[in-house]
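Trainee: Predicted model follows, preceded by the sequence.
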Amino acid sequence: MGGRRGRLITQDLRDLAVSLLDEAISDGARRSEACNVMDISVRTYHRWSDSSCGDKRKGAVKKVKRKLAEYERQEILRIACEDRFVDCNPYQIVVTLLDEGVYIASVSTFYRVLRDADMIHHRKRSYPARKQNKPPELAATGPNQVWSWDITFLKTDVNGIFLYCYMIVDVWSRKIVGWEIHESESSELAEQMFRRLKIIHKLEGIRLHSDNGNPMKGGTMIMTLYALGVIPSFSRPRVSDDNPYSESLFKTLKYTAGYPKYFKDIHQARVWMADFVNWYNNEHKHSGISYISPAQRHCGDGSEIMEKRNKVIRKAISKTPERWSSDQKIWEDQKHVYLNPSLETKKQLISA
């Protein structure tokens, strides 16, 4: 049985060698000595004795116990092509058979066999699912680097008639940097708003994120943004999580105390919104930026405020140290803010 390593020894020769070795061992021979006579190792004897052992070389034809026989595959195809299943998918076929007390194969097996037979197709008016690429990761380390904007409706006292609030928020500081209220939503009004913002802010290089609404993706709107030096990015269709800062702002807006259920007219809406924006920017203690106001963070006062808080805590600890644990809260000013962070960035933020 000896020879170079790696050469194939047929199953018949293996079975013969194993039977001769078993006979010698049963007659009193030592296993190692009997294997030496056959010029094989004890380990090889054990491997050959395993009935499931076959040709394990790469690319060799292997016998899979769970593999369907050809007649079973043909039976699946025959059943799937029956007239009563002409409008049924494999899920419906399998459960129908189960209700009849018949089991042929699993749903995934039906799909696999039908796919191999080129019988899985989308109908004329349906299209295969398309993967929507996630919007790019945007990182802000200071104000006026990344903005987010959206439009929300405001109810009036006439059922079915709404006002529309255009609002832009700085992602890093959460400050509302621009807002307007109109009686309609259109890309033309959005263009005019950003042109007016050009007077107040330096827009060149700002990354502006929004959803996929028509006012945001109008052809002239996008050209206006590029002309102003603004770089737009967009959420995936029907994925609100891609624009979380605007969505969070609108929730704060509509759940704040004093928010009217209805607005009588556009003048009342603009007056109320001006008061809200002033409160939100200058007085609101925002939980996402360590409970300072957006205006304080936008002006760069966050680090000084955090240090002052920590100083007060250290002073309180020195007076009554027995009341404090070793892991008391340390106030920190968040240096980096991410919009649509990648999986790697999320892991880094969690481990930090």
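Mentor: Alright, I've got the coordinates.
Trainee: For this structure, give me the ranges with low pLDDT.
Mentor: Within the chain, the segments meeting pLDDT under 70 span 1-6, 51-63, 123-129, 352.
Trainee: for the stretch 201-350 of the chain, what spans make up the helices?
Mentor: 214-217, 219-227, 244-255, 266-282, 294-298, 302-319, 343-351 (DSSP state H, counting those that start in this stretch).
Trainee: I'd like those helices laid out as JSON lines, including distance to R207.
Mentor: (Each C-beta comes from the backbone N, C-alpha and C, glycine too.) Written out in JSON lines, the entries for the helices of the stretch 201-350 of the chain read as follows (distance: least, Cβ to Cβ, whole Å):
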{"stretch": "helix 214-217", "distance to R207": "14"}
{"stretch": "helix 219-227", "distance to R207": "11"}
{"stretch": "helix 244-255", "distance to R207": "13"}
{"stretch": "helix 266-282", "distance to R207": "21"}
{"stretch": "helix 294-298", "distance to R207": "17"}
{"stretch": "helix 302-319", "distance to R207": "21"}
{"stretch": "helix 343-351", "distance to R207": "16"}
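Trainee: In JSON lines: those helices, plus mean neighbour count and distance to V102.
Mentor: JSON lines is the format used below for the helices of the stretch 201-350 of the chain (neighbours: other Cβ atoms under 10 Å; distance: least, Cβ to Cβ, whole Å):
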{"stretch": "helix 214-217", "mean neighbour count": "17", "distance to V102": "52"}
{"stretch": "helix 219-227", "mean neighbour count": "14", "distance to V102": "58"}
{"stretch": "helix 244-255", "mean neighbour count": "16", "distance to V102": "50"}
{"stretch": "helix 266-282", "mean neighbour count": "15", "distance to V102": "64"}
{"stretch": "helix 294-298", "mean neighbour count": "21", "distance to V102": "65"}
{"stretch": "helix 302-319", "mean neighbour count": "13", "distance to V102": "68"}
{"stretch": "helix 343-351", "mean neighbour count": "10", "distance to V102": "44"}
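Trainee: Identify whichever of the ones you listed lies nearest to R195.
Mentor: Evaluated over these, closeness to R195 peaks at helix 219-227, with 7.1 Å, by Cβ to Cβ.
Trainee: about what we covered before: for P143, find the nearest of the helices of the stretch 201-350 of the chain.
Mentor: Among the helices of the stretch 201-350 of the chain, if distance is taken as Cβ to Cβ, the winner is helix 294-298, at 4.9 Å.
Trainee: How far does that closest one sit from its chain's centre?
Mentor: Distance of helix 294-298 from its chain centroid, counting by Cα atoms, centre = their mean, to the nearest Å, is 30 Å.
Trainee: Looking at the helices of the stretch 201-350 of the chain, which is nearest to R112?
Mentor: Minimum separation from R112 across those (Cβ to Cβ) falls at helix 343-351, 30.0 Å.
Trainee: ok, residues contacting that closest one?
Mentor: For helix 343-351, contacts defined as Cβ atoms under 8 Å, 6 or more residues apart in numbering pick out 137, 338, 341.
Trainee: before we move on, what about stretch 266-276?
Mentor: In this structure, residues lying in contact with stretch 266-276 by Cβ under 8 Å, 6+ apart are 154, 163, 165, 179, 181-183, 253, 256, 259-260, 263.
Trainee: Of the residues you listed, which pair is most distant in space?
Mentor: For the contacts of stretch 266-276, the maximum inter-member distance is 23.1 Å, found between E183 and T256 (Cβ to Cβ).
Trainee: Out of the helices of the stretch 201-350 of the chain, flag the one nearest P90.
Mentor: helix 343-351 (32.5 Å).
Trainee: Output the closest one as CSV, nothing but the C-alphas.
Mentor: Once side chains and other backbone atoms are set aside, the C-alpha atoms of helix 343-351 remain, and they are given as CSV (Å, rounded to 0.1, in the frame of the first residue of the first chain):
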residue,chain,number,x,y,z
LEU,A,343,-20.3,50.9,10.7
GLU,A,344,-16.6,51.4,11.5
THR,A,345,-17.3,54.8,13.0
LYS,A,346,-20.2,53.5,15.1
LYS,A,347,-17.9,50.8,16.5
GLN,A,348,-15.3,53.5,17.4
LEU,A,349,-17.9,55.7,19.1
ILE,A,350,-19.1,52.8,21.1
SER,A,351,-15.7,51.7,22.2
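Trainee: Report the distance from it to the chain centre.
Mentor: 13 Å.
Trainee: same question, stretch 208-227
Mentor: Centre to centre, stretch against its chain (Cα atoms, centre = their mean), the figure for stretch 208-227 is 24 Å.
Trainee: Equivalent analysis for stretch 131-141, please.
Mentor: Computed by Cα atoms, centre = their mean, the chain-centroid distance of stretch 131-141 equals 11 Å.
Trainee: May I see the buried residues of it?
Mentor: In terms of neighbour count (16 or more other Cβ atoms under 10 Å), stretch 131-141 has its buried residues at 135, 138, 140.
Trainee: nearest to V169, of the helices of the stretch 201-350 of the chain?
Mentor: When the helices of the stretch 201-350 of the chain are ranked by distance to V169, counting by Cβ to Cβ, first place goes to helix 244-255 at 5.3 Å.
Trainee: Strands along the stretch 51-200 of the chain, start to end?
Mentor: If DSSP state E, counting those that start in this stretch is used as the criterion, the strands of the stretch 51-200 of the chain fall at 138-140, 146-155, 162-170, 176-182.
Trainee: Can you add distance to S318 and give those back as CSV?
Mentor: What follows is the strands of the stretch 51-200 of the chain, written out as CSV (distance: least, Cβ to Cβ, whole Å):
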stretch, distance to S318
strand 138-140, 37
strand 146-155, 41
strand 162-170, 38
strand 176-182, 40
